[in-house]
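1. How does the following fold in three dimensions:
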Amino acid sequence: MLKKVFLCFGILISIGTIQAQEPYKFTEVINLEATPVISQGRTGTCWSFSSTSFLESEIMRLTGQRIDLSEMYTVRNTYPKKADNYVMRQGKAQFSEGGLAHDVLNSVAEYGLVPHTAYTGLLDGETNHNHAELVAVLKSMVDTYVDNPGKKLSKKWKPAVDAVLSVYLGKNPETFEYDGKTHTPQSFLEMTTLQPKDYVSITSFTQAPFYAEFILNIPDNWSYGSFYNLPLDDMMATIDNALKNGFTVELDCDVSERTFSSKSGVAVIPESVENDKKALEAIYPEKQITQAYRQEEFENFTTTDDHLMHITGLLKDQNGTKYYKVKNSWGTEASRNANGGYVYFSESYMRLKAISITVHKDALPKTIAGKLNIH
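-> Numbers count the residues shown, from 1 in each chain. Next up is the predicted model:
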């Protein structure tokens, strides 16, 4: 009987300890300039929204100008590239709404930039983006061209795709007014001083040599962009070095985990899966993430390429643990998005779930830039 009493007492202590975990209390350490959080609406264009936000912060860093760039101008000019890739590969490629940061940089280099006032991608009184119908129409079109029912693909298919994009998103502007001056997309890009060639994409996986470039095989890398491959600690050091020196960071990551919550505003990797839900509201011990564990989770598809976001700062909780301030593109509605639309990533979450990052080359630590031969 006495033994059972002590056992029950022990269980009560354990339960009490779990219930007494402290709610998060965050203090900002670094908070870099960024434009307001907006919503990508019912679209899969996070790659454009996050990378555009990243470029807006870069313009602020370079010139001090706050410019609201058009996300949909890039989307509009990227779809024909996706369609061409899909059709010419006879359907043996990715055709979807997804993309990566280098798709935005490639578009900027070729088509320039325009402000949101010059191209919204919203027509006929629309106030929110909804591409469900557009994507369905485009996919049916490119699949028809792949099937080639006429047994000889005509030259009409590219103008047809372009026409559909114009109907749903609007025609590309050739000139527009901004701050009392007439611009083309290329002259506007020149005014921002952005140089697309100055940005590098970095990842960390062991299937390729470190300190070299390789093509990362993930679904949204439809354009077969290459990444510099760094050891995990070096990739994390690059993020920290960038933020400490005033550079924000573009992020491709996995947000499919139960321990990522825009509603709670945190993303963590609890040591025990039993704490997955509770760790969204209070501090629990986290798993130590190694290079080997990161690789295992990637190769077994537990870590997947889901979403792109924008890292704009650092925080610490009341225990001094580091978190990254990450700007999302799901709006600011308080019932669905805490922290004004930002999610605070723990260091463990970032180490495990960051697929890749994009930074200005000057944000690289000098030793890492040297190893990559980037100058």
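
2. Poorly predicted segments of the stretch 201-350 of the chain, please.
-> Of all residues in the stretch 201-350 of the chain, none has pLDDT under 70.

3. And the helices in it?
-> Remark: helices assigned in the stretch 201-350 of the chain by DSSP state H, counting those that start in this stretch are 232-244, 291-299, 347-353.

4. Just name the most buried of those.
-> When you average the neighbours per residue for each of the helices of the stretch 201-350 of the chain (mean count of other C-beta atoms under 10 Å), helix 347-353 leads with a mean of 24. (Glycine included, C-beta is placed from N, CA and C.)

5. Can I get it in CSV, CA atoms only?
-> Taking Å, rounded to 0.1, in the frame of the first residue of the first chain, the C-alpha atoms of helix 347-353 are listed here in CSV:
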residue,chain,number,x,y,z
GLU,A,347,17.3,27.2,-33.9
SER,A,348,16.5,23.5,-33.9
TYR,A,349,13.6,24.0,-36.3
MET,A,350,15.7,26.1,-38.6
ARG,A,351,18.5,23.5,-38.6
LEU,A,352,16.2,20.7,-39.5
LYS,A,353,13.5,22.3,-41.7
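
6. What's the mean pLDDT across the helix or strand just after it?
-> Following helix 347-353 in sequence order, the next helix or strand is strand 354-360 (DSSP states H and E). Strand 354-360 shows a mean pLDDT of 98.

7. how far is strand 354-360 from where the chain is centred?
-> 9 Å (C-alpha atoms, centre = their mean, to the nearest Å).

8. With distance to Thr117 as added columns, please give the helices of the stretch 201-350 of the chain in CSV.
-> Below are the helices of the stretch 201-350 of the chain laid out as CSV (distance: least, C-beta to C-beta, whole Å):
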stretch, distance to Thr117
helix 232-244, 30
helix 291-299, 41
helix 347-353, 35
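
9. quick one: the residue nearest to Leu153 when sequence neighbours are not counted and Tyr79, what's the gap?
-> Once flanking residues are discounted, Leu153 sits nearest to Tyr145: 6.1 Å by C-beta to C-beta, 6 or more residues apart in numbering. Using C-beta to C-beta, to the nearest Å, Tyr145 is found at 14 Å from Tyr79.

10. Ala34: what's it in contact with?
-> Listed by C-beta atoms under 8 Å, 6 or more residues apart in numbering, the contact set of Ala34 reads Ser53, Glu56, Ser57, Thr248, His310, Thr312, Lys327.

11. what would those look like in TSV with neighbour count and distance to Gly99?
-> Converted to TSV, the contacts of Ala34 look like this (neighbours: other C-beta atoms under 10 Å; distance: C-beta to C-beta, whole Å):
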residue	neighbour count	distance to Gly99
Ser53	26	15
Glu56	22	18
Ser57	24	19
Thr248	28	19
His310	30	15
Thr312	22	21
Lys327	26	18
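
12. quick one: buried residues of stretch 306-324?
-> With burial defined by 16 or more other C-beta atoms under 10 Å, the residues of stretch 306-324 counted as buried are 306-315, 317, 321-324.

13. Quick check, pLDDT for Gln21.
-> pLDDT at Gln21 comes out at 87.

14. Which of the three states applies to it?
-> Following DSSP: H, G, I helix; E, B strand; the rest coil, Gln21 is assigned to coil.

15. Could you verify my assumption that Phe247 touches Thr358?
-> No. Applying C-beta atoms under 8 Å as the test, Phe247 and Thr358 come out as separate, 10.7 Å apart.

16. what is Phe227 paired to in the beta sheet?
-> Beta-bridge pairing of Phe227, defined through DSSP bridges, involves Phe214.

17. and it, what does it touch?
-> Here Phe227 is in contact with Ser201, Ile202, Thr203, Glu213, Phe214, Ile215, Leu216, Ser356 (C-beta under 8 Å, 6+ apart).

18. List buried members of those by neighbour count.
-> Buried among the contacts of Phe227 (16+ other C-beta under 10 Å): Ser201, Ile202, Thr203, Leu216, Ser356.

19. how about the strands in the stretch 51-200 of the chain?
-> Assigned by DSSP state E, counting those that start in this stretch, the stretch 51-200 of the chain shows strands spanning 176-178, 181-183, 199-203.

20. relative to strand 354-360, how tilted is the last one?
-> Put simply, strand 199-203 runs at 160 degrees to strand 354-360, going by axes from the mean of the first three to the mean of the last three C-alpha atoms, to 10 degrees.

21. what's the farthest-apart pair in the contacts of Phe227?
-> Ile202 and Ile215 (13.8 Å; C-beta to C-beta).

22. Identify the residue spatially nearest to His131, adjacent ones excluded.
-> In space, His131 is closest to Thr43, 4.3 Å off (C-beta to C-beta, 6+ apart).

23. For Tyr119, see how far away the one you found is.
-> Here Thr43 is placed at a distance of 15 Å from Tyr119 (C-beta to C-beta).

24. now Ser39
-> 17 Å.

25. Give me the more crowded residue out of these two.
-> Higher neighbour count among Ser39 and Tyr119: Tyr119, with 24 against 17, using other C-beta atoms under 10 Å.

26. wait, what's in contact with that one?
-> Ser70, Met72, Tyr73, Arg76, Gly170, Asn172, Pro173, Phe176.

27. And the pLDDT for the first one?
-> On the pLDDT scale, Ser70 is placed at 98.

28. count of neighbours near it?
-> By other C-beta under 10 Å, the residues close to Ser70 number 21.
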